[in-house]
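Peer 1: Output the structure for:
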Amino acid sequence: MAPKVLVVLTSYGRIESIGQPTGWYLPEFAHPYEVLSKKGVEIVTASPKGGVAPLDPGSVEAFKGDASAANFHATKAALWEQTAPISSFLGKSSDFAALFYPGGHGPMFDLATDADSIALINEFVAAGKPVAAVCHGPVVFVNVELPGGKKLLAGKEATGFSNAEEDAVGMSKHMPFALEDKIKEAGAIYKKAPEPWAPLTLVQDGGKFITGQNPASSVGVGEALAKAIGV
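Peer 2: Numbering: from 1, shown residues only. Predicted structure coming up:
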């Protein structure tokens, strides 16, 4: 039977302070999807609200020249238009090989504090299943506390969209907080690539905890996840 990976997308589609659409970021789902699907992995999708998980239109435009992302956008809409609520997957970690969170600015506003998402991550960690996230996706880990009260990120090397990259896209002042700072505050050893936009994928806990810094890290996260689940 093909292994299944549960992919959790944001339900947050608009930054009200600037009246700008947002959501999840196209290549950060498209590239890992390509890596995993080529290895026979089945992808199942969830979001806080269920239904359509908003895709950031800016990412579609920015990656229209990327064949993998463009093909995914053209052919796989059901994956993000027909998500199930995160709550419907609680208690079902045994059905899946791993848990993965793409980025985009949306997760900064909903998944960072979503109680169902936090419970889901705890469940996968307790079951010894890999958890992974890329770009803004690692925000899902910053508020996760393990049953004993220790922060999930404490003592781990982790990455995510850097302050320098957020400044470069002019979005720092529109975010509820700085992701790099929050990762550090949660006790992680924050790492970033030598240059903004360069790829960086970090693998901890023997493959059970995977983070990628930015869109360029999406393939690396997909490959690390494939290795972690043995495909």
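
Peer 1: what's the strand or helix carrying residue 167 in contact with?
Peer 2: Assigned by DSSP states H and E, residue 167 belongs to helix 163-168. For helix 163-168, contacts defined as C-beta atoms under 8 Å, 6 or more residues apart in numbering pick out 172, 175, 178, 179, 180, 181, 192, 196, 197, 213, 214. Just so you know, the C-beta spots here come from the backbone N, C-alpha and C atoms, and that holds for glycine as well.

Peer 1: Can you tell me the number of residues neighbouring the closest residue to the second one other than its chain neighbours?
Peer 2: Pointing back at residue 175 there. Spatial nearest neighbour of residue 175, chain neighbours left out: residue 108 (5.5 Å); criterion: C-beta to C-beta, 6 or more residues apart in numbering. Other residues lying near residue 108 total 28 when counted by other C-beta atoms under 10 Å.

Peer 1: Ok, residue 38 next?
Peer 2: When neighbours are counted by other C-beta under 10 Å, residue 38 registers 11.

Peer 1: pLDDT score for it?
Peer 2: With respect to pLDDT, residue 38 has a value of 97.

Peer 1: Which residues does stretch 35-42 contact?
Peer 2: By C-beta under 8 Å, 6+ apart, stretch 35-42 touches 2-5, 43, 97, 219, 222-223, 225-226, 229, 231.

Peer 1: Ok, stretch 25-33 next?
Peer 2: Residues from elsewhere that reach stretch 25-33 (C-beta under 8 Å, 6+ apart): 7, 9, 43, 55-56, 59-60, 62-63, 66, 68-69, 71-73, 76, 79-80, 100, 102-105, 134-137, 215, 218-219, 221-222, 225.

Peer 1: List only those of the residues you listed flagged as buried.
Peer 2: Neighbour counting with 16 or more other C-beta atoms under 10 Å marks 7, 9, 43, 55-56, 59, 63, 66, 68-69, 72-73, 76, 79-80, 100, 102-105, 134-137, 215, 218-219, 221-222, 225 as buried within the contacts of stretch 25-33.

Peer 1: coming back round to it: doesn't residue 176 make contact with the residue nearest to residue 175?
Peer 2: Yes. With contacts counted by C-beta atoms under 8 Å, residue 108 reaches residue 176, the gap being 6.0 Å.
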